[in-house]
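got a sequence here, can you model it:
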Amino acid sequence: MRYTLLEGQRDLILLLARILLMILFVLSGWGKLTGFEGTVGYMTSLGAPAPTLAAAVAVIMEFAVGILLILGFYTRPLALLFALFVLGTALLGHPFWNMVEPERSANMTQFLKNLSIVGGLLALAVSGAGRISLDRR
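The predicted structure follows:
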């Protein structure tokens, strides 16, 4: 009985979840796209193999796939793919286990935030986008 209100708003809540999960990535992806040379430089500083390719993948995932997830297009497979992407960025971009304070604490927090986002993406992969989505059209 307590969940009746939430069930009645399921599709709206799923839309809100998609927006909230992706807004950070879409904005970050836009920044990476419009400052692509800087993004390549950052990938180089991380020691990413093929930094130009890594930067392109980051832009595609964060900006393009982020928008597709907000729109609810191929939500289940893209949410799963995005979860793997976020897990990869957590492991490559926030290796707190190799750091000393204060960088260790800051990166551990970022790593754990990424894991929380992975959890939200996995829930979205299981639940789907709801009726307010391109998947339902």
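
C-alpha from now on. contacts and neighbour counts both.
Will do.

distance from the host helix or strand of residue 79 to the middle of the chain?
Element membership for residue 79 (DSSP states H and E) is helix 75-93. From the chain centre to the centre of helix 75-93 is a distance of 6 Å (CA atoms, centre = their mean, to the nearest Å).

begin at 52, not 1, for the rest of this chat.
Yep, numbering from 52; the last one is helix 126-144 now.

packing partners of it?
Contacts defined by 3 or more CA pairs under 8 Å, 6 or more residues apart in numbering; DSSP states H and E place helix 126-144 against helix 117-122, helix 154-178.

where does the chain dip in pLDDT?
Applying pLDDT under 70 to the chain flags residues 52-54.

what's the distance between residue 117 and residue 150?
Going from residue 117 to residue 150 by CA to CA, to the nearest Å gives 30 Å.

please disregard the earlier target; I meant residue 156.
9 Å.

now do residue 178
Distance, residue 178 to residue 150, by CA to CA: 37 Å.

how far off helix 154-178 does the helix holding residue 130 point, in degrees?
Helix 126-144 and helix 154-178 are oriented at 170 degrees to each other (axes from the mean of the first three to the mean of the last three CA atoms, to 10 degrees).

any buried residues in helix 126-144, and which?
By neighbour count with 16 or more other CA atoms under 10 Å, helix 126-144 contains the buried residues 126-127, 129-134, 136-138, 141, 144.

and what of stretch 155-165?
For stretch 155-165, the neighbour count (16+ other CA under 10 Å) marks 155, 158, 159, 161, 162, 165 as buried.

nearest to residue 174, of the residues you listed?
The closest of the buried residues of stretch 155-165 to residue 174 turns out to be residue 165 (CA to CA; 14.3 Å).
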